[in-house]
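Engineer: sequence and predicted structure are below.
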Amino acid sequence: MDIRIFKNEAEIGKAAGQLFCDAVKENPSCVLGLATGATPVPTYNYMVEEYKAGNVSFKDITTFNLDEYCDLPKEHKNSYYSFMFENLFSKIDVNADNVNFLDGNTDDPEAESARYAEAIASKGGIDVQLLGIGRNGHIGFNEPDAELERFTHLVELTPDTIEANSRFFASEAEVPKHALTMGIHSVFKARKILLLASGKNKAAAINALVKSNITTACPATLLCLHPDVTVICDEDAYSLV
Ligand code: PGA
C-alpha cells in the first residue's frame, strides 16, 4: 500500500485530482469509479480547474458511482446522482450517457446488482476506483459486520453512518436508512484503488487501515489484500498511526 501524507484537504485534492487527470490523459476512454461525501470535493474541484484550464478533457471517460441512497428520488438534492452533477459532471465535458449510477429506488436489488456488474464488465472494468473511508472503517457502504457481502447489495446503514451523514440533511430523521452499495469484491476488481481521508475524525479508521489485523469489523483493513492501493490523507487523518 502506497501511503502519501499531505498538509490539508486542499493538498489532498490536488494530489488525487492530478492522479485522475493523469489517468485520463494516459487513457482518454478510461473507466473511473467515483465516490461521494465531503472528502472528494477538493479532488473534483481540481479536476474542474484542470478541465477549465484546457489541460484535460473528460469527454470519452465512463464513470460508475460506488453507491446510492434508497428511498430518495434521483433528483433529490442529497442523492448521490445530484451530488455528482453539482460537484463534477455539470462542470466538465463528460458525456452524460457515460455516467452510471445504481438505482436506489429499485424494487429488485439483486437484478440491479447484476445489471451494474454487467455494465462495468462491458466497459472492461474500472481502471481507478476512488474511495472515502467512514469513521467506522466502512468503504462504500460496506459497514462493519461479521461477514461482508461480495457483490453490490442493499445495506442497512449503521447508526454511526446515519449520524455522520446527517450533516448533509436538515435532520437525522431525513437521512435514508438504506443504500445500495458495490460489494467488496466488486470494488476489488478495480485495477487501482485510491482512498482519501482528511480530518481527525478519520484518524482511528486510518490507524486501523494501516496497522490492524484484517477484520470485517473494519472493512478498510481488507484493502491491504489489493495489489494497487494508494492512500492519500492529511496529517490529521494520519495522526494516530
Ligand atoms: P465523507 O464520507 O467524505 O463525507 O467523510 C466518507 C465515507 O463515509 O466513505
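Structural biologist: Everything's here; your move.
Engineer: any idea how far the ligand is from the residue nearest to the spatial centre of the chain?
Structural biologist: Within the chain, one residue has its C-alpha closest to the average C-alpha position: by Cα atoms, centre = their mean, that is Ala35, at 2.6 Å. Separation of Ala35 from the ligand (Cβ to the nearest ligand atom, to the nearest Å): 7 Å. For the C-beta atoms, the positions are set from N, CA and C on the backbone; glycine is no exception.
Engineer: all helices of the protein, in order?
Structural biologist: If DSSP state H is used as the criterion, the helices of the chain fall at 9-26, 41-52, 80-87, 109-122, 159-165, 184-188, 203-211.
Engineer: a markdown table for those, including mean neighbour count?
Structural biologist: Formatted as a markdown table, the entries for the helices of the chain read as follows, by neighbours: other Cβ atoms under 10 Å:
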| stretch | mean neighbour count |
| --- | --- |
| helix 9-26 | 19 |
| helix 41-52 | 20 |
| helix 80-87 | 19 |
| helix 109-122 | 15 |
| helix 159-165 | 16 |
| helix 184-188 | 20 |
| helix 203-211 | 20 |
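Engineer: these: lowest mean pLDDT?
Structural biologist: Least confident of the helices of the chain, judged by mean pLDDT, is helix 159-165 with a mean of 92.
Engineer: list the contacts of Phe6.
Structural biologist: For Phe6, the residues meeting the contact criterion (Cβ atoms under 8 Å, 6 or more residues apart in numbering) are 12, 15, 232-235.
Engineer: can you check Asn65 too?
Structural biologist: By Cβ under 8 Å, 6+ apart, the residues touching Asn65 are 33-36, 80-81, 84, 99-102.
Engineer: quick check: residues of this protein near the ligand?
Structural biologist: For the chain, the residues in contact with the ligand (Cβ under 6 Å from any ligand atom) are 37-39, 132-134.
Engineer: repeat the analysis, applying 8 Å as the threshold.
Structural biologist: Residues of the chain found near the ligand (Cβ under 8 Å from any ligand atom) are 35-40, 131-135, 138-140, 161, 164-165, 196-199, 201-202.
Engineer: can you flag which of the residues you listed belong to strands?
Structural biologist: 131, 196-197 (DSSP state E).
Engineer: same list, the helices of the chain, but as CSV with distance to Thr63 please.
Structural biologist: Converted to CSV, the helices of the chain look like this (distance: least, Cβ to Cβ, whole Å):
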stretch, distance to Thr63
helix 9-26, 11
helix 41-52, 11
helix 80-87, 8
helix 109-122, 11
helix 159-165, 22
helix 184-188, 15
helix 203-211, 25
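Engineer: okay, now His76: neighbour count?
Structural biologist: 15 (other Cβ atoms under 10 Å).
Engineer: need the contact list for it.
Structural biologist: Going by Cβ under 8 Å, 6+ apart, His76 touches Ser82.
Engineer: try the one 3 residues further on
Structural biologist: With Cβ under 8 Å, 6+ apart as the criterion, the residues that contact Ser79 are 68-69, 72-73, 104.
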